[in-house]
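# Following is a predicted model, sequence given first.
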Protein chains: 2
Amino acid sequence: MRILLTGGGGFLGARLAREILQHGLDGRALTELVIADMFPPPADLLADARVTTHTGPMLSQTALFASGFDGVFHLASAVSGECELDFELGLRSNVDSTRALLDGLRQSGQVSRLVFASSVAVFGPLHGQPMPALVTDTTLPSPQTSYGTHKLMCEYLIADYTRKGFVDGRSARLMTVAVRPGKPNGAASSFFSGIIREPLAGVETTCPVDPDVTHPLSSPSNTIAGLIAVYQASPEAMGGRLAVNLPGLNVRVGDMLDALAEVAGPDVRQRVRFERDERIAAIVGNWARGATAERAAALGLKPDASFKAIIEQYIADCRARPGYPADALGGLDR
Amino acid sequence: MRILLTGGGGFLGARLAREILQHGLDGRALTELVIADMFPPPADLLADARVTTHTGPMLSQTALFASGFDGVFHLASAVSGECELDFELGLRSNVDSTRALLDGLRQSGQVSRLVFASSVAVFGPLHGQPMPALVTDTTLPSPQTSYGTHKLMCEYLIADYTRKGFVDGRSARLMTVAVRPGKPNGAASSFFSGIIREPLAGVETTCPVDPDVTHPLSSPSNTIAGLIAVYQASPEAMGGRLAVNLPGLNVRVGDMLDALAEVAGPDVRQRVRFERDERIAAIVGNWARGATAERAAALGLKPDASFKAIIEQYIADCRARPGYPADALGGLDR
C-alpha cells in the first residue's frame, strides 16, 4: 500500500505518519509512505525505510502526484496568518497546490482515496448576524480569512473531482488542535495551546480573550483518529461528498484553566494572566463558538472526553513522544 | 465611466451592454464599454463608438484587466454541458479566467466594482435528501455539476478579494433565464425556453420532464435589471459579501404551457408534446424546485409578475429587439 502524505513535516502530519506506519490503513500495511512538504520530516520518520521524502513546493511535483498512490492525506497548507500577510502565497500554497495534486492524481489513472484536511475556519458570521452557538455539517460557511476561503474552495473542488470519478475524495474539517507542543506561533489561535503549554513548562503567559469565550477543540490524537476514520470510511458511510466536521470538544476558556489547575495544581494555573488583546479578541469573535459533528459520529468518532483528558494526554505525550521538547514539563511539580 | 463586460458576445451580455449604454450606471453615462469574449458582439454594439472589443480567451488578457475600470460585469463562462464534456476547459474558462480577471483588477490599483454572474446551479440535494422546496440566500450549496462548482468557488474567491479591498465584488445568482431566443442548445435547461419558443415559431417540440416539475425562472429583462441593481447597490444595501439570489418566478411546467395557450392560443400549445427523457429528467430532478430572494427584495428586486408576462415579453422582444430572428413568431396567428 503506497500512501502520499503532504504536510508530513509538520506536527500533525508527522504524528499521522507515525500512526499509519505503525498500524497500517484499512487493515493493510504500508509498503511506502511518500512525504511531500516544504521541510523534511523529523528524524525518526527519515530513519524508517518505508519513508521517502520530497522536499519543496507542491506546485513542482505533479509528476510525483501522478506516480500512482492507493491513498493520500493532504495536510500541506499555508496557515491563516501567512495567507493574510501574503495573499498570493496563500492562493499558490492552498489552491494551486491542491489543483496540482488533484490533476496529478487524475493523470495517474488510479482512483486514489484522498483525505483533505479542511478547517473549522470555513465558518464565520453571516452579515449582520452573530456566530451561531453551534456550527454543524450543514451550516452555511462564511469564511472570514483567505485561509478559510481556500479550504472551502478546495472542499468543493475535491467534491467535483470525486463526482467525476477522478479521485475518491473526502474533506474533513479539523477543529482547533490543542495542546500543540512548541513555541507560540503568532496565529490568533495560538493561545488555545499556549495557556496550557507555557505554564506547564514553567513560563508565565497571558490569555488574550475573556474567560467566557467558547470554541471547539480537539486533541492531536483525536484529530489523527478522525483523519484515519474518514480515510477508512466507505463512500456510503461518509454520507455524501460535502465536507464533514470532525468532532470538537466545546470548551470555555475559563473552564480550560480550571482543568489546568485541577490537573497541574494552582501554582501552574497562576502562571496565566488574563490580558485582553483587542486584535485577537476580534478575530476569535468571528470564529465558531462551538460545533457539532453528526456525520463524524456516524463514523464512530467522538470528541475528546474532557479538557482535563486533553491536558493529561499532552502531559503523557511530553513524556513519551518524539517531537515534544525535554523541558516541556519544567513547571510541573508532580 | 469605463466599464468592462466579459461575455458581451452572448445573448444576455449583449442585452446588458445595450441597456447600460443607453441608460448609464449609477446615473453616469458610459464613456467606454470594453467587451471581452471569445466571440465578437452583435453588429449594433460593434457600431457604437463607445464600444471596444477584445476577442479571445480571458486568460491572455490580464493586461487589459489591469488597465483600470470603474466597474465590471463578469458574465463570461463555459456553460454546464461544456464543462461536463471537457473538465479542463471548464476549470480554465470558469476558475482560471476569473482569477486572471481578479488579479488584473487588483493590479490596476483601482477598486473596481464587480458583479459576478453566478447561478442557481450552485444548489443541489444534500446526500440522501431530496431538494428542498425552496432554495434561499442561506441554503447550503451542493453543486451537482462542474459548472455549479466553479461558480460557487468564484463566489467565495470574489468575497475574499472584496474583504481584502482589492475589488468591490458582488455575486448574483441568476435563475434559469427564459424565454431565450435562438436554437435549442443541448443544455439540459434548454427546454424551459424551447417549449415556448418553438411552438411560437411554428415548430413542433417535446417537453422532456413531467408537467409537475417546478423551477425558478427569470425573464431576460428581469435578469438584466437584477444585475444592474446589484451593481448599483451600496455595500451596506448588499448586506454582506456572500452571493445573493436574484429573484425567480417559481413555475410549474404544466402551468407554463397553460399560459402559452392563454397568450397564443390552443393550436400553438398543441405543438408541445410530453415525451419524457430520463437523462434530462434526472438532471432536472437535482435542480432547485423553487427559490426565494430575500436580499434581492431588499434591493427592490422582484420576480417577473407571471409566466404569462414572460411570454408576452418574449413576443414583444421578437417584434422589437435586435438578436431575435425574423421568423421567431411564425407560428403565431394573432
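Yep, that arrived. Numbers count the residues shown, from 1 in each chain, chains lettered A, B, ... in the order given.
# Now residue A:13: closest residue in space, sequence neighbours ignored.
With sequence-adjacent residues excluded and distances taken as Cβ to Cβ, 6 or more residues apart in numbering or on different chains, residue A:13 is closest to residue A:7, at 4.2 Å. Yep, even glycine has a C-beta here, placed from its N, CA and C like the rest.
# so what's the backbone phi/psi at that neighbour?
Backbone torsions of residue A:7, given as degrees, to the nearest 10, read phi 80, psi 20.
# surely it meets residue A:78?
No - at 10.5 Å, residue A:7 and residue A:78 do not qualify as touching, with contact defined as Cβ atoms under 8 Å.
# and the two? which has more neighbours close in?
Neighbours were tallied for residue A:7 and for residue A:78 using other Cβ atoms under 10 Å in any protein chain shown; the higher tally belongs to residue A:7 (24 against 21).
# wait, what's in contact with the residue in the stretch 151-300 of chain A that chain B sits nearest to?
Nearest to chain B, among the residues of the stretch 151-300 of chain A, is residue A:240, at 2.5 Å (Cβ to the nearest Cβ). Residues in contact with residue A:240 (Cβ atoms under 8 Å, 6 or more residues apart in numbering or on different chains) are A:295, B:126-128, B:142.
# Please repeat the previous calculation with a cut-off of 6 Å.
By Cβ atoms under 6 Å, 6 or more residues apart in numbering or on different chains, the contact set of residue A:240 is residue B:127.
# sorry, back to before: got a list of what the residue nearest to residue A:13 touches?
The contact partners of residue A:7, by Cβ under 6 Å, 6+ apart, come to A:13, A:37, A:75-76.
# try it again with 10 Å
Counting by Cβ atoms under 10 Å, 6 or more residues apart in numbering or on different chains, residue A:7 touches A:13-14, A:16-17, A:35-39, A:41, A:58, A:73-77, A:117.
# do the same with residue A:200
The neighbours of residue A:200, taking Cβ under 10 Å, 6+ apart as the test, are A:179, A:260, A:263-264, A:268, A:271, A:311, A:314-315, A:318, A:328-332.
# one more time with 6 Å
By Cβ under 6 Å, 6+ apart, the residues touching residue A:200 are A:329, A:331-332.
# For it, give its distance to residue A:314.
Distance from residue A:200 to residue A:314, counting by Cβ to Cβ, to the nearest Å: 7 Å.
# for residue A:279, same thing?
Taken as Cβ to Cβ, the spacing of residue A:279 relative to residue A:314 amounts to 27 Å.
# Whichever of the contacts of residue A:7 end up buried, select them in PyMOL.
Those of the contacts of residue A:7 that count as buried under 16 or more other Cβ atoms under 10 Å in any protein chain shown are selected in PyMOL with:
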select buried, chain A and resi 13+14+16+17+35+36+37+41+58+73+74+75+76+77+117
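# From the contacts of residue A:7, which land in strands?
When DSSP state E defines the strands, the subset of the contacts of residue A:7 inside them is A:35-37, A:73-74, A:117.
# With distance to chain B and pLDDT as extra columns, can I get the residues you listed in JSON lines?
Compiled in JSON lines, these are given as follows (distance: Cβ to the nearest Cβ, whole Å; pLDDT from 0 to 100):
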{"residue": "A:35", "distance to chain B": "28", "pLDDT": "98"}
{"residue": "A:36", "distance to chain B": "22", "pLDDT": "97"}
{"residue": "A:37", "distance to chain B": "25", "pLDDT": "96"}
{"residue": "A:73", "distance to chain B": "22", "pLDDT": "98"}
{"residue": "A:74", "distance to chain B": "17", "pLDDT": "98"}
{"residue": "A:117", "distance to chain B": "18", "pLDDT": "98"}
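# and the gap between the closest residue to residue A:315 other than its chain neighbours and chain B?
Excluding its sequence neighbours, the residue lying closest to residue A:315 (Cβ to Cβ, 6+ apart) is residue A:329, at 6.5 Å. Look at residue A:329 and chain B: by Cβ to the nearest Cβ, to the nearest Å, they are 41 Å apart.
# where does residue A:139 fall, helix, sheet strand or coil?
The three-state assignment at residue A:139 reads coil, by DSSP: H, G, I helix; E, B strand; the rest coil.
# Look at it and report its pLDDT.
As predicted, residue A:139 sits at a pLDDT of 97.
# Could you do residue A:61 as well?
Here the pLDDT value assigned to residue A:61 is 92.
# Tell me the residues of chain A that contact chain B?
Residues of chain A found near chain B, taking Cβ under 6 Å from any Cβ of the partner chain as the criterion, are A:127, A:138, A:140, A:142, A:146, A:149, A:152-153, A:156, A:160, A:239-240.
# Are any of those buried, and if so which?
Buried residues within the residues of chain A next to chain B, defined by neighbour count using 16+ other Cβ under 10 Å: A:140, A:142, A:146, A:149, A:152-153, A:156, A:160, A:239-240.
# what about stretch A:30-43, start to end distance?
Using Cα to Cα, to the nearest Å, the span of stretch A:30-43 from its first residue to its last is 19 Å.
# Return the distance of that stretch from the chain's centre.
Here the centre of stretch A:30-43 is set off from its chain's centre by 17 Å, with Cα atoms, centre = their mean, to the nearest Å.
# now what about it, what contacts it?
Around stretch A:30-43, the neighbours that count as contacts under Cβ under 6 Å, 6+ apart are A:1-9, A:14, A:21, A:50-55, A:76.
# Can you dump the C-alpha atoms of stretch A:71-90 in CSV for me?
Extracted C-alpha coordinates of stretch A:71-90, given in CSV (Å, rounded to 0.1, in the frame of the first residue of the first chain):
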residue,chain,number,x,y,z
GLY,A,71,-4.3,6.8,-0.8
VAL,A,72,-3.4,10.4,0.0
PHE,A,73,-3.6,12.6,3.1
HIS,A,74,-3.4,16.2,2.0
LEU,A,75,-2.4,18.3,5.0
ALA,A,76,0.0,20.7,3.5
SER,A,77,-1.2,24.3,3.7
ALA,A,78,-0.1,27.9,4.3
VAL,A,79,-1.7,28.8,7.6
SER,A,80,-4.1,31.6,8.4
GLY,A,81,-1.6,34.3,9.4
GLU,A,82,0.7,33.6,6.4
CYS,A,83,-2.2,33.9,4.0
GLU,A,84,-3.3,37.2,5.5
LEU,A,85,0.3,38.6,5.1
ASP,A,86,0.9,37.3,1.6
PHE,A,87,-2.3,36.9,-0.4
GLU,A,88,-0.6,35.3,-3.4
LEU,A,89,1.4,32.9,-1.3
GLY,A,90,-1.9,31.7,0.1
